[in-house]
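**Q** 3D, please:
(2 chains)
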2 protein chains.
Amino acid sequence: VLGRPRRLAILAEGQFGPLDAKTAVGVLRYAPGEVAAVIDSTRAGATTQSVVGVGGATPVVRDVEAAARLGADALLIGIAPQGGSLPGAWRPIVLAALARGWDVLSGLHAFLADDPEFAARAAASGARLHDVRRPPGDLPVASAKAAALDALVVLTVGSDCNVGKMTAGLEIVRGLDARGVRAAFVATGQTGIFIAGRGVAIDAVPSDFAAGAIEALVVEAAAGADVVVVEGQGSLFHPGYSGVTLALLHGACPAAMVLCHEASRDAIRRSGEGDRATFPLPAWEGLIEAYERAAAWVEPAAVIAVALNTRALDEPRARAACDAAARATRRPATDPVRFGAAPLVDAVLDARAARERRRASPAGGTRATAP
Amino acid sequence: VLGRPRRLAILAEGQFGPLDAKTAVGVLRYAPGEVAAVIDSTRAGATTQSVVGVGGATPVVRDVEAAARLGADALLIGIAPQGGSLPGAWRPIVLAALARGWDVLSGLHAFLADDPEFAARAAASGARLHDVRRPPGDLPVASAKAAALDALVVLTVGSDCNVGKMTAGLEIVRGLDARGVRAAFVATGQTGIFIAGRGVAIDAVPSDFAAGAIEALVVEAAAGADVVVVEGQGSLFHPGYSGVTLALLHGACPAAMVLCHEASRDAIRRSGEGDRATFPLPAWEGLIEAYERAAAWVEPAAVIAVALNTRALDEPRARAACDAAARATRRPATDPVRFGAAPLVDAVLDARAARERRRASPAGGTRATAP
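**A** Prediction:
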């Protein structure tokens, strides 16, 4: 990830679990070949598969030294703690990695490179500190350029935060790859960036350049791909993140959207002192209508399929939830992790074929068709 | 402005005109008592009224020394140049002001305090560099707190950028003041911040905290006001800024919106190399529907009136445009600068009275009513 092949030690000290260590789990699922070990002294000796259900025989070890013996040569911060700062107990671990000359990869809000002690230790050993949330400079203001691309742009959108938008996007790209379609994944959050090796943490970009940052990524990705799948963020229904979501939608200008939802959730989750009660989600048709209307303010786009995260349900209930979503939305619906992404991949390919037909017909599109 | 009474010299060297010097014109219109002079050597000797139509006898002078003789004690950067950096020709003027110990107030993208030469000169003379676009630290994620306030929150929204959202908001606050209603203005852009003496430049805030920054400002302003008027930004129909607009809408959670439009404009203005053609705006009903639907994703809000900027029209056409907008929207419509803000103020007071009645009725609201 990030510039060159690595053998990662993923730091999740005291917090390696399926819910707390979202970044660690994502990297283990989608880039397992780059992970040498997970560091969590409270679970040392286990395999990652036994703790979080992914990563096979990848071992959990007690410290940097043990990870080094397994060939690790870089440290990746594997959780996103409350408040966004590195827990104090983790400082010695980061310092030990830097002392060995390991690069350290972080998606924390607080940039490691701005910490004088870390910066000095890195300078002394030649290690690099990669803060993937730091926004790039010289970003443009978006101008709907992405709507004119030849590649089909697909955006994963969601009913709420943390419902599986990154996972759905990665599974669609995997499925397209397997069918020989040139597909690119545009990462917009820290875990996606670690997995893809590039991208922009959209929520850290100053708000007038958020759409422009995505537009630039999509235009770049489209140069080598027939389908560009963009990782969505937030939700139009979340009071804190809806602006990020709309910036993504109007920056990426997708032709197709995949609607993601956590099957057991019926309200937006809010946290923090003084908040009002959780906020009920609309029914399927309300979700679809909102995203399609919002897209059309700049460029029309259709919700073409539903990706359900059924982690909280047993298998019969998960199947029933997918069937119910398909009936209610009249669109293909699946849990891409549990039941496979084929219905989503089919829907993307159908959308691409339909667009090609429109463009080839005399009445369709404004571009000339190639002979 | 900004912490204490000042006598401002507004820097607009070579660019003092009604269109280029938007910040200068705004401050002259709404805080004329704080302006000692405008600096533009190419127009020295004129009054601001004769050049930009506001500010009365306020003189235009050739340099900092001339402004000092008129009692100026601070320099305000009065234009927003392409690219966001200070033009090179202006550096000596800023340095001259700092040498006199004047504070310098700037809304440029490039922060003056980060310029080593300016910082050193300010440190030497005891002057302060106020970069009003620098986002505050420790911002919250928004959670729709503002929807529960006693004060009526009003947001100005627009068909596009630069159509009069700040002006409409300031005129409404003036009108409410004149009728004895405790009204607060929440500034969200550089000119508004200079005029109000506080606020946050929302487009410079990292996107996941943009709504939270506005929520915090609105909650604070509501403590001393019966009506809080929030300065809108951008447009839901602008591909580059729609995310900023939605963050404002869901952060402020207004009960009422005033829709602002430039009467001669029928398309979103886009600039920059490689852009597609300008983007046609929907008709009035489409604009109103978009804002009301987007608000309702978190909290319902109604468009209660229309503020037209008729600068480009002669007076009969301006009157006709207001009448046509009122008929088409079935809402009060006026140009608040040209014809007065009374219809907008009436609409705000009507909305407040209607909400009080709803809250006092047995079926309305969830809050207990005071005896």
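
**Q** hmm, stretch A:225-243 touching chain B?
**A** Yes: residues of stretch A:225-243 contacting chain B under CB under 8 Å from any CB of the partner chain: A:236-237, A:239-243. (Each C-beta comes from the backbone N, C-alpha and C, glycine too.)

**Q** starting at the chain centroid, how far to that stretch?
**A** Between the centre of stretch A:225-243 and the centre of its chain there are 10 Å (CA atoms, centre = their mean, to the nearest Å).

**Q** can I get the residues of stretch A:225-243 next to chain B in TSV including secondary structure and pLDDT?
**A** Conversion of the residues of stretch A:225-243 next to chain B to TSV gives the following (DSSP: H, G, I helix; E, B strand; the rest coil; pLDDT from 0 to 100):
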residue	secondary structure	pLDDT
A:Leu236	coil	97
A:Phe237	coil	96
A:Pro239	coil	95
A:Gly240	coil	95
A:Tyr241	coil	96
A:Ser242	helix	98
A:Gly243	helix	98
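
**Q** A:Thr156 belongs to a strand?
**A** Yes: assessed by DSSP: H, G, I helix; E, B strand; the rest coil, A:Thr156 belongs to a strand.

**Q** next, count neighbours for it.
**A** 29 (other CB atoms under 10 Å in any protein chain shown).

**Q** and what of the one 4 residues further on?
**A** Applying other CB under 10 Å, we find 22 other residues in the vicinity of A:Asp160.

**Q** measure it to A:Pro280 for me?
**A** 11 Å (CB to CB, to the nearest Å).

**Q** any residues in contact with both of the two?
**A** Common contacts of A:Asp160 and A:Pro280 (CB atoms under 8 Å, 6 or more residues apart in numbering or on different chains): A:Ile268.

**Q** give me the sheet partners of the helix or strand harbouring A:Val60 and which way each runs.
**A** Following DSSP states H and E, one finds A:Val60 within strand A:60-61. The sheet places strand A:60-61 alongside strand A:35-39 (parallel), with pairing taken from DSSP bridges.

**Q** A:Pro239 reaches B:Leu248, doesn't it?
**A** No: the criterion here is CB atoms under 8 Å, and A:Pro239 misses it with B:Leu248 at 11.4 Å.

**Q** shared neighbours of the two, anything?
**A** With CB under 8 Å, 6+ apart, A:Pro239 and B:Leu248 have common neighbours B:Ala211.

**Q** ok so, going back, buried stuff in the helix or strand following the strand holding A:Val60?
**A** Note on strand A:60-61: by DSSP H and E, the next helix or strand toward the C-terminus is helix A:64-69. In terms of neighbour count (16 or more other CB atoms under 10 Å in any protein chain shown), helix A:64-69 has its buried residues at A:64, A:66-68.

**Q** contact partners of helix A:64-69?
**A** Under CB under 8 Å, 6+ apart, the answer for helix A:64-69 is A:9, A:36-37, A:39, A:44, A:61, A:72, A:75, A:93, A:96-97, A:100, A:102.

**Q** repeat that with 6 Å
**A** Outside of helix A:64-69, the residues within contact range by CB atoms under 6 Å, 6 or more residues apart in numbering or on different chains are A:9, A:37, A:39, A:61, A:96-97.

**Q** check which element follows that helix along the chain.
**A** strand A:74-77.

**Q** tell me which other helices or strands that next one touches.
**A** Under the contact criterion of 3 or more CB pairs under 6 Å, 6 or more residues apart in numbering or on different chains; DSSP states H and E, strand A:74-77 touches strand A:8-11, strand A:103-106.

**Q** so, low pLDDT: which residues of chain A?
**A** Within chain A, the ranges that satisfy pLDDT under 70 run A:1-3, A:82, A:269-278, A:363-371.

**Q** let me see the ranges of the strands in it.
**A** A:8-11, A:35-39, A:60-61, A:74-77, A:103-106, A:129-131, A:152-158, A:183-186, A:227-230, A:256-262, A:267-268, A:279-280, A:302-309, A:333-334 (DSSP state E).

**Q** do you know how far the residue nearest to the spatial centre of chain A is from A:Arg133?
**A** The residue lying closest to the centre of chain A (CA atoms, centre = their mean) is A:Met166, at 3.2 Å. Look at A:Met166 and A:Arg133: by CB to CB, they are 15 Å apart.

**Q** hang on, the earlier thing: which one of the buried residues of helix A:64-69 is nearest A:Trp284?
**A** Set against A:Trp284, the nearest of these by CB to CB is A:Ala67 (45.1 Å).

**Q** excluding its backbone neighbours, what's nearest the closest one?
**A** Computed as CB to CB, 6 or more residues apart in numbering or on different chains, the closest residue to A:Ala67 that is not its neighbour in sequence is A:Ala9, at 3.6 Å.

**Q** again, but for A:Arg174
**A** Nearest non-adjacent residue to A:Arg174 (CB to CB, 6+ apart): A:Ala341, at 7.0 Å.

**Q** hang on, that neighbour packs against A:Val173?
**A** No: under the criterion of CB atoms under 6 Å, A:Ala341 makes no contact with A:Val173, lying 9.2 Å away.

**Q** grab the nearest non-local neighbour of A:Pro135.
**A** A:Val205 (4.5 Å).

**Q** that neighbour and A:Ile214 touch, don't they?
**A** No: look at A:Val205 against A:Ile214 with CB under 6 Å: they stay out of range, at 8.8 Å.

**Q** of those two, who's got more company?
**A** Set A:Val205 next to A:Ile214 and count neighbours by other CB under 10 Å: A:Ile214 wins out with 31 against 26.

**Q** just the C-alphas of the longest helix along chain A, formatted as CSV.
**A** Scanning chain A for the longest helix, with DSSP state H as the assignment, gives helix A:342-360. Taking Å, rounded to 0.1, in the frame of the first residue of the first chain, the C-alpha atoms of helix A:342-360 are listed here in CSV:
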residue,chain,number,x,y,z
ALA,A,342,-22.9,-11.1,-8.6
PRO,A,343,-26.3,-9.3,-8.6
LEU,A,344,-24.5,-6.0,-8.1
VAL,A,345,-21.9,-6.7,-10.8
ASP,A,346,-24.7,-7.7,-13.2
ALA,A,347,-26.5,-4.5,-12.5
VAL,A,348,-23.4,-2.4,-13.2
LEU,A,349,-22.8,-4.2,-16.4
ASP,A,350,-26.4,-3.8,-17.4
ALA,A,351,-26.2,-0.1,-16.7
ARG,A,352,-23.0,0.1,-18.8
ALA,A,353,-24.6,-1.8,-21.7
ALA,A,354,-27.7,0.4,-21.6
ARG,A,355,-25.7,3.5,-21.7
GLU,A,356,-23.6,2.3,-24.6
ARG,A,357,-26.9,1.5,-26.5
ARG,A,358,-28.2,5.0,-25.7
ARG,A,359,-25.0,6.6,-26.9
ALA,A,360,-25.0,4.5,-30.1
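
**Q** now that helix: buried residues?
**A** A:343-349, A:351-352, A:355.

**Q** picking up where we left off before, and of the strands of chain A, who's closest to A:Asp114?
**A** strand A:129-131 (8.0 Å).

**Q** got the residues of the stretch 51-200 of chain A near chain B?
**A** A:141-144 (CB under 6 Å from any CB of the partner chain).

**Q** need the buried ones from these selected in PyMOL.
**A** This is the PyMOL syntax for the buried subset of these, where burial follows 16+ other CB under 10 Å:
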select buried, chain A and resi 141+142+143+144
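
**Q** distance to B:Ala252 for the residues of the stretch 51-200 of chain A next to chain B - can I get that in JSON lines?
**A** Conversion of these to JSON lines gives the following (distance: CB to CB, whole Å):
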{"residue": "A:Val141", "distance to B:Ala252": "23"}
{"residue": "A:Ala142", "distance to B:Ala252": "23"}
{"residue": "A:Ser143", "distance to B:Ala252": "26"}
{"residue": "A:Ala144", "distance to B:Ala252": "26"}
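
**Q** thanks a lot, catch you later.
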